[in-house]
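In: Just a sequence and a predicted model for now, questions to come.
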Amino acid sequence: MSTNVNDTNVTIDQTRSTLHSVSMSTTLGKVMPRIPALMSLKKTALVGALALLVSACAEDKPLNTFEPRGPRAEAIDKLMQPIWVIMAIVFVLVVFGTIGLAMKNRVKPEDYDEDDLPEQVHGNFKLEIGWTIAPAVLLAAISIPTVVGIWELEETNSDPAAGECRANADGARSGELDVMVIGQQWWWEYRYDIDCDGFFEDVDGDGEIYGPNGAGGDLDDAEWPLNIALDDDDLVIANQLVIPAGEQIDLELTSRDVIHSFWIPRLNGKRDTVPGRIHTWSLEADEPGEYTGWCTEYCGLSHARMRMSSVALSGEEFDAWLDNQLGLAEVPSESDEEVWAGYQLFQANCMSCHVVNDGNLSYGPPVVEGEELPDLEPGTVKDFESALTAGAAPNLTHFATRTVFAGAIYSQYAGIDADDDNIDVGEYFELSVDDGNPDGDYRLNAAILKRWIANAPDQKAMAPEDLRGMPAFPALSEEDLDHLVAYLATLD
Ligand code: HEC
Ligand SMILES: [Cu+2]
């Protein structure tokens, strides 16, 4: 469980920072009058220094690299600690040395004589050699642990396809878990290699990979495995990466459109996701909890709204989660009128982009950029690569089990702030899995969800007309939206 900033802490910290800045301002007050040129800057400098100081006092912030919650992030933090010390020493020497020397050697106004030039010196061999060699030695020294650290961070588990993997289709869970991360404008897709065949290639081992419409291809020709349609044996989810705590999860990162960067600061550093390439990376969380992150490579319109969420569950919770995710979505019964109406609306309006795997999927004709979306039979899934957002829309099969949606910018549940760290993730998650959407704090955030479905581009800058993002649905009535939300809430 993530520990948290509580109110008392904040108060103490603020008091501390105020005290700090008071003493700092008095020091500045003594120094500054002696530097007349800086006098006018005094206030600005003070405000700036204060702002920096106060911002540094934030504790337990979800994007804080210096509060590692897993071995990888810890390694980075440990590497940084001594470097901070070295940097601080260099900073103090250089800055205060310069200021000190300037003040010491300053000509006093009463001594000032226009013709009295200071002694002219040209070069100082010893000093120059010294300040060339010293930084070089320093950087060389720092580079050793840095390079070793980079190598260590590159290390992944042994090839999961060669041995056992964490989650086998037959229910055996032994080796490590392998997840493919696909960045796209402006959300994340996660594919779990459940049958341990190395992702989505050659699912049944006959040398063919299956594309949309059942089109096969030679495995050797597969430059990268993105054009392969969803395989029922594996798991595709979106926006929330669920992992077991205390285990190293290997990731293979790529992108469908532009370069993004995957970053969950409390678990590991950043790694770019580049179209056409696969980068490896890994995550490990010491404890169960929610760890948030942000896309850190500018990727267009809604880059700022491309967040990520990773939830670490205890081993048992994770197994239960996985079993649930591997199940099909239920087709609602006609007697449940509202849900049934929502299901019908979903089939008609949403299935052209979104997948809800209820066991009745078939692939429709490829969609061509710039052309009208084809009318599809209910239950037909469009070919993945040509679906929207340069490839696809989030898989919604178990939508209601996620705690966040839309690039993790919204919380799914009323009364829960997606930015709030202080939630019992296990409980939160269990409730969403076991009971659907119970009353109380864990109610489905219907208002936000309705607003999203009615007009997603209004919530998050997108360009659906250019196949980037989700279109608005002005034709849907308030009642339609209620029905759609009622249906989505059953996808647990
Ligand atoms: C033209 C393709 C397209 C259609 C049609 C479409 N969507 Fe979407 N939808 C998207 C894309 C793309 C996203 C991801 C947007 C983002 O977060 O940046 C999305 C996101 C969502 C999400 C959030 C999912 C998550 O896990 O983050 C929900 C819920 C959703 N859509 C519901 C619907 C419903 C309901 C309909 C039918 C009324 C619908 N969508 C129709 C493309 C589409
Ligand atoms: Cu991005």
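Out: Received the coordinates, thanks. Ligands and ions are numbered 1, 2, ... in the order given.
In: So what's the residue count around the closest residue to Thr403 other than its chain neighbours?
Out: With CB to CB, 6 or more residues apart in numbering as the criterion, Thr403 has its nearest non-adjacent residue at 5.7 Å, and that residue is Gln412. Quick note: C-beta positions are derived from backbone N, CA and C, even for glycine. The local packing of Gln412 (other CB atoms under 10 Å) involves 28 other residues.
In: what do you get for Val107?
Out: 10.
In: before we move on, what SS does Gly48 have?
Out: helix (DSSP: H, G, I helix; E, B strand; the rest coil).
In: Just the pLDDT at it, thanks.
Out: On pLDDT, Gly48 comes in at 86.
In: Quick check: buried residues in the longest helix along the chain?
Out: The helix spanning the most residues in the chain, taking DSSP state H as the definition, is helix 125-154. Across helix 125-154, burial judged by 16 or more other CB atoms under 10 Å covers 149, 153.
In: three-state assignment of Gly300?
Out: Gly300 carries the three-state label coil when classified by three-state DSSP.
In: Give me the nearest residue to it, chain neighbours excluded.
Out: Gln185 (5.6 Å).
In: Surely that neighbour touches Cys295?
Out: No - contact criterion CB atoms under 8 Å: Gln185 and Cys295 do not qualify, at 9.6 Å.
In: Find residues that contact each of these two.
Out: Met306 (CB atoms under 8 Å, 6 or more residues apart in numbering).
In: what angle do whichever strand or helix holds Ile86 and helix 125-154 make?
Out: Ile86 is part of helix 71-91 when elements are defined by DSSP states H and E. Orientation check (axes from the mean of the first three to the mean of the last three CA atoms, to 10 degrees): helix 71-91 against helix 125-154 gives 170 degrees.
In: Quick check: mean pLDDT of helix 71-91?
Out: Helix 71-91 carries an average pLDDT of 91.
In: Now stretch 67-84: buried residues?
Out: 67-76, 79.
In: Quick one: residues in contact with it.
Out: With contacts defined as CB under 8 Å, 6+ apart, stretch 67-84 is touched by 2, 59-61, 65-66, 142, 145-146, 149, 152-153, 248, 265-269, 282-287, 289, 291.
In: Of those, which count as buried by neighbour count?
Out: Taking 16+ other CB under 10 Å as the criterion, what is buried in these is 2, 61, 65, 149, 153, 248, 265-269, 282-286, 289, 291.
In: isn't Gln248 right up against Thr280?
Out: No - using CB under 8 Å, Gln248 is not in contact with Thr280; the gap is 11.9 Å.
In: overlap in contacts of these two?
Out: Shared contacts of Gln248 and Thr280 (CB under 8 Å, 6+ apart): Thr156.
In: The closest residue to Glu297 other than its chain neighbours: what secondary structure?
Out: Excluding its sequence neighbours, the residue lying closest to Glu297 (CB to CB, 6+ apart) is Ser261, at 3.7 Å. When classified by three-state DSSP, Ser261 comes out as strand.
In: ok, how many other residues are close to Ser261?
Out: Using other CB under 10 Å, Ser261 has 20 neighbouring residues.
In: hang on, it packs against Tyr298?
Out: No - using CB under 8 Å, Ser261 is not in contact with Tyr298, being 9.1 Å away.
In: quick revisit: measure the residue nearest to Gly300 to Val258 for me?
Out: Gln185 sits 7 Å away from Val258, going by CB to CB, to the nearest Å.
In: So which of the two has more stuff around it?
Out: Higher neighbour count among Gln185 and Val258: Gln185, with 26 against 17, using other CB under 10 Å.
In: And for Asp178, the neighbour number?
Out: Count around Asp178 with other CB under 10 Å applied: 26.
In: Give me the pLDDT value at it.
Out: pLDDT at Asp178 comes out at 77.
In: my guess is Cys299 contacts His260, does it?
Out: Yes - with contact defined as CB under 8 Å, Cys299 reaches His260; the gap is 4.9 Å.
In: Between Gln185 and Val258, which contacts overlap?
Out: 299-300.
In: now the residue of the stretch 1-150 of the chain found nearest ligand 2: how far from Gly293?
Out: Proximity of the stretch 1-150 of the chain to ligand 2 (CB to the ion) peaks at Leu63, 15.2 Å away. According to CB to CB, Leu63 and Gly293 sit 7 Å apart.
In: who touches both of those two?
Out: Pro265.
In: Between the two, point out the one with more neighbours.
Out: Gly293 (25 against 16).
In: now the more buried one, which residues is it bridged with?
Out: Judged by DSSP bridges, the bridge partners of Gly293 are Met308.
In: my read: it touches Phe262, true?
Out: Yes - judged on CB under 8 Å, Gly293 makes contact with Phe262 at a distance of 7.3 Å.
In: Give the residues shared as contacts by those two.
Out: Going by CB under 8 Å, 6+ apart, residues that sit against Gly293 and also against Phe262 are Met308.
In: ok, the residue nearest to Leu449 when sequence neighbours are not counted to ligand 2 distance?
Out: Spatial nearest neighbour of Leu449, chain neighbours left out: Val485 (5.2 Å); criterion: CB to CB, 6+ apart. Val485 is 27 Å from ligand 2, where distance means CB to the ion, to the nearest Å.
In: let's have the chain start at 36 instead
Out: Okay, residue one is now 36; in that scheme the one you just asked about reads as Val520.
In: Where does Val520 sit: helix, strand or coil?
Out: Assignment for Val520 (three-state DSSP): helix.
In: I'd say it and Ala482 touch.
Out: No - Val520 is not in contact with Ala482 according to CB under 8 Å; the separation is 9.2 Å.
In: still on that earlier bit, now do the contacts for the residue nearest to Leu484.
Out: Applying CB under 8 Å, 6+ apart to Val520 gives the contacts 377, 479, 481, 484-485, 488.
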